[in-house]
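# Need a 3D model of the following:
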Amino acid sequence: MKTIIFDDKQKWLNARIGKITGTRLKDLIVLRGNTPKKGFYELISERLAIPADNENPMDRGARLEEDALARFAKETKKKVDGSLIMWISEENESMAISPDGVIGKTEAVEIKCLNSATHIEAYLTQKLPSEYQMQIYQYFIINDKLKTLYFAFYDPRMPAKDFFYLTIKREEVIEEVEKYHEEQLKILAEVERIVLELSPL
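So this is what the prediction gives:
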């Protein structure tokens, strides 16, 4: 064992980057199954990515979105309309989605500029983070002409692989799209019932 003494807390914090510490071990050891935990991807990103600053994640995403759309258009040679728009369901105007980019009448682009660990996890697994699954379904629920959704990831702090995208076809998610379409309609009907019940005459 080697002991290192630090005279400065920041140097101590910097020395912990990219290492498995006692605090971090629980985020790495898999007790059931064999799917890596988040800490695995954090270790990789700490060794590869430019360190994050204190910018608010939402502000960062908004700032980088235009660059990411331009990158997508360049790499795919597709003409992408990045206008600030919203698609609203004709069936129920309380159902909507705001595409980051639109390609003709049958394709759309969703941009994510996430933390480096989540970015590298999505790249290595070629799977979408679970928290964005419903967003995918909503694209297809709202636009019944949509055939393909490109889910693009951009993280300029990750120079080795700063940009990539996953392609989702309607037929791959049709069961979920139908299921959550019906669920939304039920929820909205119940919301409307309660609002009417509680509204003053």
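
# In this structure, spot the helix with the most residues.
helix 170-198 (DSSP state H).

# other SSEs contacting that one?
With contacts defined as 3 or more Cβ pairs under 8 Å, 6 or more residues apart in numbering; DSSP states H and E, helix 170-198 has these neighbours: helix 133-142. All C-beta spots, glycine's among them, are computed from the backbone N, C-alpha and C.

# For the helix it packs on, name the packing helices and strands.
Short answer (3+ Cβ pairs under 8 Å, 6+ apart): helix 133-142 packs on strand 96-97, strand 107-112, strand 148-154, helix 170-198.

# If we use 7 Å, what do you get?
Contacting helix 133-142 under the criterion 3 or more Cβ pairs under 7 Å, 6 or more residues apart in numbering; DSSP states H and E are the following elements: strand 96-97, strand 148-154, helix 170-198.

# closest to Phe72 out of these?
strand 148-154 (5.0 Å; Cβ to Cβ).

# And Leu25, how close does it get to Thr35?
Remark: distance between Leu25 and Thr35 (Cβ to Cβ, to the nearest Å) = 17 Å.

# could you dump the helices and strands packed on helix 133-142 to JSON lines with mean neighbour count, distance to Leu84 and mean pLDDT?
Converted to JSON lines, the helices and strands packed on helix 133-142 look like this (neighbours: other Cβ atoms under 10 Å; distance: least, Cβ to Cβ, whole Å; pLDDT from 0 to 100):
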{"stretch": "strand 96-97", "mean neighbour count": "17", "distance to Leu84": "13", "mean pLDDT": "95"}
{"stretch": "strand 148-154", "mean neighbour count": "22", "distance to Leu84": "17", "mean pLDDT": "97"}
{"stretch": "helix 170-198", "mean neighbour count": "13", "distance to Leu84": "24", "mean pLDDT": "94"}
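
# Looking at those, which is nearest to Trp12?
strand 148-154 (32.3 Å).

# any idea how far stretch 29-41 is from the chain center?
Computed by Cα atoms, centre = their mean, to the nearest Å, the chain-centroid distance of stretch 29-41 equals 20 Å.

# er, stretch 62-71 actually
14 Å.

# And stretch 72-85, by the same measure?
With Cα atoms, centre = their mean, you get 18 Å for stretch 72-85.

# Dump that stretch to CSV, restricted to CA.
Provided in CSV are the C-alpha atoms of stretch 72-85 (Å, rounded to 0.1, in the frame of the first residue of the first chain):
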residue,chain,number,x,y,z
PHE,A,72,-26.3,15.6,-37.4
ALA,A,73,-27.1,17.3,-40.8
LYS,A,74,-23.4,17.3,-41.8
GLU,A,75,-22.9,13.6,-41.0
THR,A,76,-26.2,12.3,-42.4
LYS,A,77,-26.4,14.8,-45.4
LYS,A,78,-30.0,15.3,-44.4
LYS,A,79,-31.7,18.7,-44.6
VAL,A,80,-32.9,19.4,-41.0
ASP,A,81,-35.3,22.1,-40.0
GLY,A,82,-34.4,23.3,-36.5
SER,A,83,-37.2,25.8,-36.1
LEU,A,84,-38.7,26.2,-32.7
ILE,A,85,-42.0,24.3,-33.1
